[in-house]
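# Task: produce atomic coordinates for the following.
(one chain, ligands or ions: 1)
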Amino acid sequence: MICVVEVDPRRSRNMAAIRSRDTAAELALRRELHRRGRRFYVNRRVLGDRRSVDLVFPRLHVVVFVDGCFWHACPQHSKPPRINTDYWSPKLARNVERDRRTDAELRAAGWAVVRVWEHESLDAAASRVEAALDAAIDRSPTCSGQLAQQ
Ligand SMILES: [Zn+2]
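Numbers count the residues shown, from 1 in each chain. Here you go, the predicted model:
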């Protein structure tokens with residue numbers, strides 16, 4: 001397992017400031033992909049605005065997000081917040097909506113988007129990223145010629 005963090009909504013206003021940057025799950029995935037020989041940029045802005053992407057593979061046009069179960073309303077783990085419901089429910093709904101919009105914009109700009117949940121096993125998460133990278137190589141016109149010769 002990467003790590004599952006139970007978030008106490010009472011502390012979460014404070015946590016909003018540190019949000020989903022360099023989380024334990026993200027660091028673990030970076031380390032694992034590095035160990036597998038993958039190289040990438042972290043926390044890059046690729047859409048030309050303030051939104052940043054957790055991992056970027058620029059040549060293959062693949063981006064990866066590591067989504068926290070609380071912030072991104074994981075279907076398996078997110079429970080409706082019991083405290084400050086009026087504040088949290090719309091806020092989390094907006095997060096999810098923004099994620100989908102970000103995905104659509106990235107895909108329209110030619111990026112393949114992989115979203116990994118923080119609850120996913122490290123091995124499964126890294127393998128999903130690698131599958132997207134392999135698929136990106138297959139899509140690339142310059143590489144497919146080489147592959148056909150093998
Ligand atoms: Zn989850």
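# count of neighbours near the nearest residue in space to Val62 that is not next to it in sequence?
Distances taken as C-beta to C-beta, 6 or more residues apart in numbering put Ala112 closest to Val62, at 4.7 Å, once the chain neighbours are dropped. All C-beta spots, glycine's among them, are computed from the backbone N, C-alpha and C. Applying other C-beta atoms under 10 Å, we find 17 residues neighbouring Ala112.
# Return the residues in contact with Ala112.
Going by C-beta atoms under 8 Å, 6 or more residues apart in numbering, Ala112 touches Leu60, His61, Val62, Val63, Ala132, Ala135, Ala136.
# Pipe these into JSON lines and attach neighbour count, secondary structure and distance to Ala73 per row.
Shown next, in JSON lines, are those (neighbours: other C-beta atoms under 10 Å; DSSP: H, G, I helix; E, B strand; the rest coil; distance: C-beta to C-beta, whole Å):
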{"residue": "Leu60", "neighbour count": "20", "secondary structure": "coil", "distance to Ala73": "29"}
{"residue": "His61", "neighbour count": "16", "secondary structure": "coil", "distance to Ala73": "27"}
{"residue": "Val62", "neighbour count": "22", "secondary structure": "strand", "distance to Ala73": "24"}
{"residue": "Val63", "neighbour count": "27", "secondary structure": "strand", "distance to Ala73": "20"}
{"residue": "Ala132", "neighbour count": "17", "secondary structure": "helix", "distance to Ala73": "22"}
{"residue": "Ala135", "neighbour count": "13", "secondary structure": "helix", "distance to Ala73": "27"}
{"residue": "Ala136", "neighbour count": "17", "secondary structure": "helix", "distance to Ala73": "28"}
